[in-house]
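I'd like to go over a predicted model; first the sequence, then the structure.
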Amino acid sequence: MCSYCGCDSIEVIGRFMAEHVEIINATGDLRAGVHSGDGAAFATARARVAALLWPHTEAEEAGLFRIMAQDEVYASHIETLCGEHQTLAGLLAALTPGDRAAMARFEDALRDHIDKEDNGLFPAAAIALDGPQWVEVHETTPHSHDGGEPHVHAHADGHEPHAHGHDHHGAHPATRVARG
């Protein structure tokens with residue numbers, strides 16, 4: 001986790017970094033489930049990782065990523081990060097009890113992705129975005145209160161914030177695993 005620049009003091013970035021820690025911790029349980037070969041423990045752990053990962057990636061893409069991608073300096077990097085979200089979905093879906101090599105691929109990809117965000121994109125966002133952009137990030141990033149259903153709030157003028165342009169998570173095999 002980035003601790004040198006203070007970007008984690010920005011509400012949405014601090015939230016995303018805290019979610020990264022939670023996802024990594026849940027991944028430890030997933031690794032244990034894979035290594036044990038216990039199908040039930042594995043299924044529970046994979047469902048937990050998916051339940052944390054997909055709302056997190058959707059929130060990143062709906063708010064911060066969308067705003068950062070409006071700047072051509074960051075657009076390609078954001079596209080890469082979104083592609084990595086898709087890759088993580090495939091790797092998570094492909095996991096099976098006992099397949100330690102697949103688990104290592106998933107965990108390595110996850111940690112590499114998180115590192116790119118925590119130590120690259122988030123500090124860059126802290127520098128690159130201005131006040132109105134942070135307001136838009138906040139208004140368009142789905143969040144929940146006390147673990148409730150993720151949502152966004154309407155602007156003070158009563159208009160809905162900019163809607164996220166796509167919902168690729170419905171197609172994620174890992175999402176279907178987690179929900180079914």
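Yep, that arrived.

Packing partners of the helix or strand harbouring Met103?
Element membership for Met103, per DSSP states H and E: helix 100-116. Contact here means 3 or more C-beta pairs under 8 Å, 6 or more residues apart in numbering; DSSP states H and E; on that basis helix 100-116 packs against helix 11-36, helix 72-94. Heads up, the C-betas are built off the backbone N, CA and C, glycines and all.

Low-confidence stretches in the protein?
1-10, 143-180 (pLDDT under 70).

Not counting its neighbours along the chain, what's nearest the residue nearest to the spatial centre of it?
For the chain, the residue nearest the mean C-alpha position is Thr57 (2.8 Å; C-alpha atoms, centre = their mean). Spatial nearest neighbour of Thr57, chain neighbours left out: His85 (4.4 Å); criterion: C-beta to C-beta, 6 or more residues apart in numbering.

How about His113: what's its closest non-neighbour residue?
That would be Glu84: by C-beta to C-beta, 6+ apart, it lies 4.7 Å from His113.

gap between that neighbour and Ala93?
For Glu84, the distance to Ala93 equals 15 Å [C-beta to C-beta, to the nearest Å].

cool, and Ala45?
Noted for Ala45: a distance of 14 Å to Ala93, by C-beta to C-beta.

Could you check which of the two is surrounded by more residues?
Neighbour count, other C-beta atoms under 10 Å: between Ala45 and Ala93, Ala45 has more, with 22 against 17.

quick one, what contacts that one?
Counting by C-beta atoms under 8 Å, 6 or more residues apart in numbering, Ala45 touches 26, 29-30, 32-33.

Around Gly39, count how many other residues there are.
12.

meant to ask about Gly33
24.

Val73 now?
By other C-beta under 10 Å, 9 other residues sit near Val73.

contacting residues for the closest residue to it other than its chain neighbours?
Leaving aside its sequence neighbours, Val73 sits nearest to Ala128 (C-beta to C-beta, 6+ apart; 7.7 Å). Counting by C-beta under 8 Å, 6+ apart, Ala128 touches 68, 71, 73-74.

Quick one, which of those are buried?
Buried members of the contacts of Ala128, scored by 16 or more other C-beta atoms under 10 Å, are 68, 74.

Dump the contacts of Ala128 into a markdown table; add distance to Met103 as well.
Listed next are those as a markdown table, based on distance: C-beta to C-beta, whole Å:
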| residue | distance to Met103 |
| --- | --- |
| Met68 | 31 |
| Asp71 | 36 |
| Val73 | 35 |
| Tyr74 | 32 |
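
what's the burial count for the closest residue to Thr87 other than its chain neighbours?
Using C-beta to C-beta, 6+ apart and skipping the chain neighbours, the partner closest in space to Thr87 is Ala109 (6.2 Å). A count of neighbours around Ala109, defined by other C-beta under 10 Å, yields 16.
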